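Colleague: sequence unknown, structure follows:
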């Protein structure tokens, strides 16, 4: 999620009432502040309980992580025919919708089909590297996007130069972290298939480290200058989201083994905060939004718009279970392939990587500046 929004607002706009996704405290914890609470606790977990905590964290990650992927499909492919025709969308956005929604899945589907039919485990293993690459990139874009969202809600806009500093720092930190994971050639396994990291030259990693350090310093200076210039005012929850995403979730994610299991859930929670706010505004825009449900038993949920948002969340959970587990497990059992070469969980491997990588392309279109739906529903 990356929103590239307008430059500094005039003084009259800056005095407008501040808005939140759900409230100042809720936004702090949902957008990333919960890391300051959870990470110290994980360091205090006794060694004998680490396995139990790890299982609980992994289950929580799945319960939150999978619906967040499903929601991106629900939003992206809603009224997809209108988006493909360009009805209400400019030409650039229309092309992006077609590419991300049709071309990318066809290319990925062709890649996985060829690798599976040919029984080429090494070729399929390259997809594991691609997922690691795009997931880190996606985290950076989402952390930056959360800062931009909060800046708009608080009417504390960043100018183009400041946004370039933020983006450069995000990419520099991500690239350094990614190169660190490729410091030596290592074999890794994902759902029964092996893939390999590559040995990045030490000089390249050192340059990336210097760039990350320099851009971090530049970002700190920029934020301090803005804080002074605007009388101590910053979109603080957005800044927390940006900082936590880059440093706690990407650069120092290996600081604790349990932290590795928690980060996907926190990343998804950050995303869900925006998506649920967005979907709530979509449902509130309907003519019967405040009408009571026909069945009295459903009135405990509230008016129709709340019931529809709940339905959206439930459908996301069902799609997540289907996409990540039930469908690939069924395909692995029913579709014949060379299990001696490709393992017993080929379709789990394909489904998990396909959804993770495709999710990046979907978000890169949906949450762009100029998307009329974002302008209409996200910042109400």
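Modeller: It's in. Here the structure is a predicted model, which means the values were calculated and not measured.

Colleague: Packing partners of the host helix or strand of residue 205?
Modeller: Using DSSP states H and E, residue 205 sits within helix 202-229. Other elements packing on helix 202-229 under the criterion 3 or more Cβ pairs under 8 Å, 6 or more residues apart in numbering; DSSP states H and E are helix 160-181. Where C-beta positions appear, they are placed from N, C-alpha and C, glycine not excepted.

Colleague: now the angle from the helix it packs on to helix 202-229?
Modeller: Angle of helix 160-181 versus helix 202-229, following axes from the mean of the first three to the mean of the last three Cα atoms, to 10 degrees, is 150 degrees.

Colleague: How far does helix 160-181 sit from its chain's centre?
Modeller: Averaging C-alpha positions (Cα atoms, centre = their mean, to the nearest Å) puts helix 160-181 16 Å from its chain's average.

Colleague: Residues contacting it, please?
Modeller: For helix 160-181, contacts defined as Cβ atoms under 8 Å, 6 or more residues apart in numbering pick out 4, 7, 132-133, 136-137, 139-141, 143-144, 147-148, 158, 197, 200, 204-205, 208-209, 211-212, 214-216, 218-219, 222, 226, 242, 246-247, 250-251, 253.

Colleague: Could you identify the helix or strand that succeeds the helix holding residue 205?
Modeller: Moving toward the C-terminus from helix 202-229, the next helix or strand (DSSP H and E) is helix 236-243.

Colleague: packing partners for that next one?
Modeller: With contacts taken as 3+ Cβ pairs under 8 Å, 6+ apart, helix 236-243 sits against helix 24-28, helix 121-153.

Colleague: Output those helices in CSV; the columns should cover mean pLDDT and mean neighbour count.
Modeller: Putting the helices and strands packed on helix 236-243 into CSV (pLDDT from 0 to 100; neighbours: other Cβ atoms under 10 Å) gives the following:
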stretch, mean pLDDT, mean neighbour count
helix 24-28, 95, 16
helix 121-153, 88, 21
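
Colleague: Mind putting these into CSV with distance to residue 278?
Modeller: What follows is the helices and strands packed on helix 236-243, written out as CSV (distance: least, Cβ to Cβ, whole Å):
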stretch, distance to residue 278
helix 24-28, 14
helix 121-153, 10
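
Colleague: okay, and for the stretch 151-300 of the chain, where does confidence drop off?
Modeller: 183-192, 194-198 (pLDDT under 70).

Colleague: quick one, strands of the chain?
Modeller: With strands called from DSSP state E, the chain shows them at 187-190, 193-196.

Colleague: Which positions within the helix holding residue 205 qualify as buried?
Modeller: Buried positions in helix 202-229, judged by neighbour count with 16 or more other Cβ atoms under 10 Å: 205, 208, 209, 211, 212, 215, 216, 219, 222, 223, 226.
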